[in-house]
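1. Next one to model:
(chains A and B)
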Amino acid sequence: MTDPTFYGLCGAVVVGTGIYGFVLHTHILRRLLSFNVIGSGIFLMLGAAGSLGPDTAADPVAQALIITGIVVALSATALGLALLVAYARASGSPRLPEDANDDP
Amino acid sequence: MTLVLATIVGLPFAAAMLAVIFGRYGGPLAAAAVAGVAVATAALIVIVAEGQPVTIDVAGWPAPLGITLEADGLACGFLAMATLVMSGVVAQGRAYFYNTGPERRATWAFWPLALLLWAAINAIFLSRDLFNLYVGLELMTLCAVALVAIEGKAETLAAALRYMLVALIGSLLYLLGVVLLYSAHGVLDIGLIAARVTAPTDILAAALMTAGLAAKMALFPFHAWLPPAHSGAPAPASAMLSALVPKAAFVILMRLWLEAVPDLSAASLLALFGTLGTAAILHGGVMALRQNRLKLVIAYSTVSQIGYLLLVFPLAGGASAAQPGAADAWKGVVFHALSHGLAKAAMFLCAGLWMASVGHDRLEGLRGQARATPITAFAFGLAAIALIGLPPSGGFTAKYLMLTSALASGQLIWAVVLLLGGLLTAAYLYRPLAMIFAKADAAPVAVSRSQQAVPLLLAGTAILLGIASSGPFELFQIGSPWADIEGLE
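-> Below is the predicted model:
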C-alpha cells in the first residue's frame, strides 16, 4: 500500500469516528468535538490527495486549502463554544430542548 | 473594472471592520456601504448589459492557481437584489436598534454581522472557484448563526445552535465533495471543472456537495432548523436571513449542476431534485397554513418557496438530459429567486413594524392594522401578490417562464406543481391579510410614515420586476449556459 492511500484510509477512519460521535451524542460540546474530528479526517484526506508521487514534493495548493479549512473550522468551533456557553447559562442544560431527556 | 468588483466585495468588509471599532456609527457606516455598493452594482450592470460577462483574475493570477471572479447576468441580478434588501435592512435597522437603546450589545453586534454577511454573499455571487465558494459559504453561515442568536434568549440561542449543527455538517459534506473533485482533477475553477474528463468519483463528489448545500439552504427534508431560527431573529436580520442566505447556497447549487458538472445530470437525478422541491412546496405551504404567528407563517413560506428553485433542474436538464425550455427555466428561476427575495424581505420588515406597534406577532394582533399602518398593509399586500405570482409581479413572470418551459419539454407534472403551489401560497397568505384588513375594537398604535415606506420600496420593486421584465430578461441570459439561445418567441 502506498503512503497516500494509507493516509487517505486513515482519514476515512477518522471521519467515520467523528460521524459516530456526532450521531451518538446529544451533549453539544461533544458534538462540536465530533465536528472537529470529522474535519481533521477530511483535511488528512485532502493532504493525501495532494501527493504527487514518492520523489516529488507535495502539491502546495492542497496544503493551502488545508490551512484555510483549519482556520474556518477554528472560527466555527469558537462561535459554537460561545453560543453553547451562553445557551447553557440561559437554559441550564448543555442539550437542545428536543434532546433534554437523554442521560445526564 | 477591478475597482468595481473590488468595491462590491470589499466595501462591506471594510465597513464591517470599521463598525467593530466605531460601534456607535454602525448604522451610518452601513448606509455608506449600501450607497457605495449600489453605485458599483449599477455600473457593473451597465457594463455587463452590453452583452459579455466581466471576468477578473484576482491579483493577476489566472486559474487554476489564482481565483477568478466573474460577473454574469445572474450575478448582476442577485447583487442588485441584495443591495436593495440591504438598503431596506439598514433603513429599518437604524430605527429598530435606536429604539431598543444604543448601549445594548445586540445593537453593537448587529451592524458588523449584517455587513459581513452581505460581503460574504456578494463574494459567493461573483466567485468561480469551488473552494473560494466554500470560504464564502462558511463566512455567511457563521454570521447568519450569530444574527439568529443576537437577542441572547434561551430559545433563540437553541435555534442558533440547532442551525449551527446542521450547517456545520453541511459545510463538511461540501468540503469533502470539493476534496474529491480536487484529488481527481487538480482544479477547482468552475470553468476548468466543466472542461475536465469525467472521473468515477465525480458523481459522489457532486452528491456530497449537493447534500451540504441542501442543509444550508433548508431544502426539505433538512428544513427543520429554519422556522425557529428565522422567526427568532430581530426583523431586519430575518429579512436578510430569508431573502439572501438560501439564495446564496442555491446559486452555488445551480452553478455546480448546470455550469460545472452538467454532464453528470441523469434524468432520474433531475427528477429527484424536482421531487424534493415539490415536497418542500407542499410541506412548507401546509405548515404555513397551520401557524398562528406571522413570522412563523413567513418563515414556513420560505421553506415552501425554496422548493420552486429546485424545479429548475428537471426543467433545464443538464448536458446529457437537455430540455427544450432550458433557457426559459433558467431565467424563470432567477426571476423567482429575485422576486421572492424582495417580497420576503418586505414581509419580514412589515412584521417588524407590526411587532413594534403591537408587541407580539400573533395573527389576531394584526386586526385593524390596515387602518393604523396603511402603507405597511399596502406593502404586505404587494409582497403577497409577488409571492403568489399574480400579474403583473416579478413572481408572475417567473411562473410564466417556468410554466412555458414545463410545457415546452412536455413535463406536465411540474406545471401542475407550480399551479398547486400558487394556490397554497394564496391560501396561507389569506389569513394574515384577512386579519390586517379586519375591523379592530381598539385603534392600534401608528408607526411613522418614513418607516412604513421601507417595506413598500422592496415590495414595489418585486412588482416592478414583472412590469419592466424585458430588461432583466435579457440581462439574465448573459453568461448563462444558454447564452446563445433566443428567448421566448
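2. where does the chain have low pLDDT?
-> Because you didn't say which chain, this covers chain A. A:1, A:102-104 (pLDDT under 70).
3. if you could check chain B rather than the one you did, that'd help
-> B:98-103, B:319-321, B:442-444, B:484-489.
4. do that again at 80, thanks
-> For chain B, the stretches with pLDDT under 80 are B:1, B:63-65, B:97-106, B:317-323, B:440-447, B:482-489.
5. OK, contacts around whichever residue of it sits closest to chain A?
-> Here the residue of chain B nearest chain A is residue B:183; by Cβ to the nearest Cβ that distance is 3.2 Å. C-betas here are computed from N, CA, C, even on glycine. By Cβ atoms under 8 Å, 6 or more residues apart in numbering or on different chains, the contact set of residue B:183 is A:45-46, A:49-50, B:201.
6. Any chance of a PyMOL selection covering the buried ones in these?
-> Of those, the buried ones go into a single PyMOL selection, burial set by 16 or more other Cβ atoms under 10 Å in any protein chain shown:
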select buried, chain A and resi 45+46+49+50
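7. Could you export the contacts of residue B:183 as JSON lines, including secondary structure and distance to residue A:79?
-> Shown next, in JSON lines, are the contacts of residue B:183 (DSSP: H, G, I helix; E, B strand; the rest coil; distance: Cβ to Cβ, whole Å):
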{"residue": "A:45", "secondary structure": "helix", "distance to residue A:79": "25"}
{"residue": "A:46", "secondary structure": "helix", "distance to residue A:79": "23"}
{"residue": "A:49", "secondary structure": "helix", "distance to residue A:79": "28"}
{"residue": "A:50", "secondary structure": "coil", "distance to residue A:79": "28"}
{"residue": "B:201", "secondary structure": "coil", "distance to residue A:79": "32"}
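8. and stretch B:26-43, how far out from the chain's middle?
-> How far stretch B:26-43 lies from its chain's middle: 19 Å, per Cα atoms, centre = their mean, to the nearest Å.
9. Span of stretch A:21-31 from start to end?
-> Start-to-end span of stretch A:21-31 (Cα to Cα, to the nearest Å) is 7 Å.
10. buried residues in that stretch?
-> Buried residues in stretch A:21-31 (16+ other Cβ under 10 Å): A:21-22, A:25-28, A:31.
11. for stretch B:58-73, same thing?
-> B:58, B:63-64, B:67-73.
12. And for residue B:57, the neighbour number?
-> 14 (other Cβ atoms under 10 Å in any protein chain shown).
13. what's across from it in the sheet?
-> Note on residue B:57: beta-bridge partners by DSSP bridges are residue B:68.
14. now the helices for the stretch 51-200 of chain B?
-> Along the stretch 51-200 of chain B, counting by DSSP state H, counting those that start in this stretch, helices occupy B:73-99, B:105-126, B:130-148, B:154-185, B:190-194.
15. wait, which of these is closest to residue B:445?
-> helix B:73-99 (12.5 Å; Cβ to Cβ).
16. returning to that earlier point: go back to the buried residues of stretch A:21-31 and keep what's next to chain B.
-> A:22, A:28, A:31 (Cβ under 8 Å from any Cβ of the partner chain).
17. got a list of what the second one touches?
-> Under the criterion of Cβ under 8 Å, 6+ apart, the neighbours of residue A:28 are A:80, A:84, A:87, A:94-96, B:161, B:165.
18. rerun that using 6 Å as the cut-off
-> Applying Cβ atoms under 6 Å, 6 or more residues apart in numbering or on different chains, we find residue A:28 in contact with A:84, A:94.
19. Would you mind listing what in chain A touches chain B?
-> Proximity of chain A to chain B, by Cβ under 6 Å from any Cβ of the partner chain, involves residues A:31, A:35, A:38, A:42, A:45-46, A:49, A:65, A:72, A:79-80, A:83, A:86-87, A:90-91, A:96-97.
20. Now the buried members of these.
-> Of these, these count as buried by 16+ other Cβ under 10 Å: A:31, A:35, A:38, A:42, A:45-46, A:49, A:65, A:72, A:79-80, A:83, A:86-87, A:91, A:96.
21. Okay, and which of these map to strands?
-> Among these, no member falls in strands (criterion: DSSP state E).
22. of the residues you listed, closest to residue A:57?
-> Nearest to residue A:57 among those, with distances taken as Cβ to Cβ, is residue A:49, at 14.7 Å.
23. and the closest one, what is it in contact with?
-> residue B:183.
24. Could you rerun that using 10 Å?
-> Listed by Cβ atoms under 10 Å, 6 or more residues apart in numbering or on different chains, the contact set of residue A:49 reads A:4, A:7-8, A:11, A:58-59, A:62, A:65, B:179-184, B:186.
25. out of those, who has the most neighbours?
-> residue B:181 (28 neighbours).
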